[in-house]
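**Student:** Let me see the structure of the following:
(chains A and B)
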Amino acid sequence: MKRKTWIFLMSTLIIFGVVFPIIVIFFWAFSERWYGTSLLPSKWGLKWFKVLLEGGDLGKSIYLSFTIAPLVVLFSALISIPAAYVVGTKSFKGKRLVENLVLIPLIVPPIASGIGLLSMYTNWGMIGSYWGVVLVHMIGGIPYMFRSVAAAFESIDPALEEASRTLGATRLQTMLKVYVPLVSPGVLAGSIFTFAWSLNEFVLTLLVGLPNITTLPVQIFHYVGGYYIAPAPASALSVVLIIPSILIVLLMERFVKIEYTAGAGLK
Amino acid sequence: MPEVVLEGIKKIYGKKVLASSIDYLKIEDGEFFVLLGPSGCGKTTTLRIIAGLIKPTEGRLYVGGKDITDLPPEKRNITMVFQNFALFPHLNVFENIAYGLKMRKLPKDEIETRVKDAARLMRIDQLLDRKIDQLSGGQQQRVGVARAIAPHPDIILFDEPLSNLDAKLREEVRFELKEVHKQIGTTSVYVTHDQAEAMVMADRIAVMRAGKIVQLGKPKEIYFRPKNLFVAGFIGIMSHLPVEVLESDGENLKVRLETGAVINSRGLLSAGEKGFMIIRPESLEVVSKESDDENIVKGLLVNSIFLGNEVEYRIKVGNEEIRAKLKPHEDKYKPGEEVNLKIMNSWVVKD
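**Tutor:** Residues are numbered from 1 along each chain as shown, chains lettered A, B, ... in the order given. From the prediction side, this is the model:
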């Protein structure tokens, strides 16, 4: 097979698995009447969005999702940046261990760690608490933030700090003039990934957040996972969730160098 | 501009690794001083101690009579040129050169003048708006030097600045740096493992080994009067033959080779001592067998290698093999032939 065939196969899979479902969701969300037998909805409209707004759940879910995500980004950054500085620029005993430890949240299935967290949270009386969910999201978000920022620090030539110092810059000035500008793309990439992670997180939020903390993914699940299946309102809600994700992808394309995003993922 | 004095400087890593140990070294005002040695000899450690990037375990460092041992690098007014250039990738050429000037809070027009002067000196004044990744290696290092010159430091340190450039470019930039030093006259300390580089540029060379200075002197002195075999072997090509000193009169020696031949040589040994006679390949001549000159050694031509502008002979004398360089028109002998070598110039060391 030609090399292009593989690229074609891969692209087809992605389109089939991601792009088609998104189109279907948009159809459902903007349809008022759609019978299974026809290819397209027979009546278009914003009915389901009105239903969501009237129900009052939507406002609350949007509020929760879009305040929790920035807080998760902020706190993950505060913890990860200094840690990433040390791992990215210094060599010390146990460095590999730390690097692998940070990967654990990406590998352990959330449903498994979630069950454990559920019983811990129950003991501490943190079930259904807003900050409890923020904390749970941070555990998953930190690997993304840390890896991106550590990769950014690693890519900085240590001689730059020495050059800066011999040219008359203090330690603090060197931080501000050399490290900050060189690391900020990594922080931005990490923030985007962490934000997206928090926005999409479902399993852990469902387990430790109920009944109060119904973020968007949890709310969507209520529509399809409850007593009856209601794809239309669930789709309308999904549209609300998808739009920021699409914006994020566009943002990344525009501002972030690819090597930092590689650092965030599984390098 | 001030001189640099290192007094009892020692850097010890862990319990016993001696990275640098210098009892006393004075680098004169305006001098181009080269620290030369193989990797791991402590030359870079010594340079970094002067820069303030490494704290010495012991000893004091003076610049212009002022003790600067405890000053952080940013307060020393000593700049540095790095092996891997270490240019700031987020700044363009102008901003890189201006970095040290901005840190000194100079007025804007002064910064502009100084950046342009330094850039002109390094012949990169056409590149000021370029990004760093748009420059070739040679251009990058010119920016590195301009950045170090612009703040008018007391001392400029060079940490193997040419070793990341290809051979041809290295030779070109070598001369350029020497010229620039002549113009600005800033005291310079230059670290290299390349003896040719050291020869071209240095006013004085310190040859280092295992953290210590083995020999200190002008390039010619180190080449013609090496202190020991290590220095002789590190600077240029040499062959050596074991000898015994028969007579010693000042520096003039009469020595006997293991083959029995008696040769007039020079060195600092006294009669009765044993040592090694160092012979540079260019100070040998192959003479006809009938010659009754002095200083003749018999040898067996083992191999001859044609190098274009010269021919290298490998000649076996006793159990040792020595190298001689001849002009192509003198190449009249074949491997396997016995030849008479005239030693025109040699130097005897103890070890």
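**Student:** Can you name every helix or strand that the one helix or strand B:Ser304 maps to contacts?
**Tutor:** Using DSSP states H and E, B:Ser304 falls within strand B:296-306. Applying 3 or more CB pairs under 8 Å, 6 or more residues apart in numbering or on different chains; DSSP states H and E, we find strand B:296-306 packed against strand B:311-317, strand B:338-343. Where C-beta positions appear, they are placed from N, C-alpha and C, glycine not excepted.
**Student:** Who does the strand or helix carrying B:Ser21 pair with, and is each partner parallel or antiparallel?
**Tutor:** Element membership of B:Ser21, judged by DSSP H and E, is strand B:17-27. Partners of strand B:17-27 in the sheet, by DSSP bridges, are strand B:4-13 (antiparallel).
**Student:** got the buried residues for the partner strand?
**Tutor:** B:4-7, B:9-11 (16 or more other CB atoms under 10 Å in any protein chain shown).
**Student:** Check stretch B:224-241 too.
**Tutor:** Of the residues in stretch B:224-241, those buried (16+ other CB under 10 Å) are B:224-232, B:234-236, B:238-241.
**Student:** Pull the residues that contact that stretch.
**Tutor:** Applying CB atoms under 8 Å, 6 or more residues apart in numbering or on different chains, the external contacts of stretch B:224-241 come out as B:36-38, B:195, B:198-199, B:207, B:209, B:214-215, B:217, B:222-223, B:257-258, B:276-281, B:317-318, B:320-323, B:345, B:347, B:349-351.
**Student:** One more: stretch A:179-196?
**Tutor:** By CB under 8 Å, 6+ apart, stretch A:179-196 touches A:69-70, A:72-73, A:76-77, A:80-81, A:85, A:141-142, A:144-149, A:151-153, A:155-156, A:160-161, A:245, A:248, A:251-252, A:255-257, A:260-261, A:263-264, B:89-90.
**Student:** Just the residues you listed: which are in helices?
**Tutor:** Using DSSP state H, A:69-70, A:72-73, A:76-77, A:80-81, A:85, A:141-142, A:144-149, A:151-153, A:160-161, A:245, A:248, A:251-252, A:255, A:260-261, A:263-264 are the members of the contacts of stretch A:179-196 that sit in helices.
**Student:** quick one on the thing from earlier: please check the contacts of stretch B:224-241 and keep the buried ones.
**Tutor:** Members of those classed as buried by 16+ other CB under 10 Å are B:36-37, B:195, B:198-199, B:207, B:209, B:214-215, B:217, B:222-223, B:257, B:276-281, B:317-318, B:320, B:322-323, B:347, B:349.
**Student:** which ones among those are found in strands?
**Tutor:** Of the positions in those, B:36, B:207, B:209, B:214-215, B:217, B:257, B:276-279, B:317, B:320, B:322-323, B:347, B:349 sit in strands, assigned by DSSP state E.
**Student:** Okay, domains of the chain per the record?
**Tutor:** By default, I'm working from chain A. A:1-45, A:57-264 (automatic domain parsing).
**Student:** my question was about chain B
**Tutor:** Taken from automatic domain parsing, chain B resolves into B:4-229, B:237-349.
**Student:** can you tell me the average pLDDT over the longest one?
**Tutor:** Averaging the model's pLDDT scores along domain B:4-229 yields 92.
**Student:** quick revisit: buried ones from the contacts of stretch A:179-196, can you make that a PyMOL selection?
**Tutor:** Those of the contacts of stretch A:179-196 that count as buried under 16+ other CB under 10 Å are selected in PyMOL with:
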select buried, (chain A and resi 69+72+73+76+77+80+81+85+141+142+144+145+146+147+148+149+151+152+153+155+156+160+161+248+252+256+260+261+263+264) or (chain B and resi 89+90)
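**Student:** Enumerate the positions of stretch B:259-278 that are buried.
**Tutor:** Here stretch B:259-278 shows B:261, B:263, B:265-269, B:273, B:275-278 as buried, counting by 16+ other CB under 10 Å.
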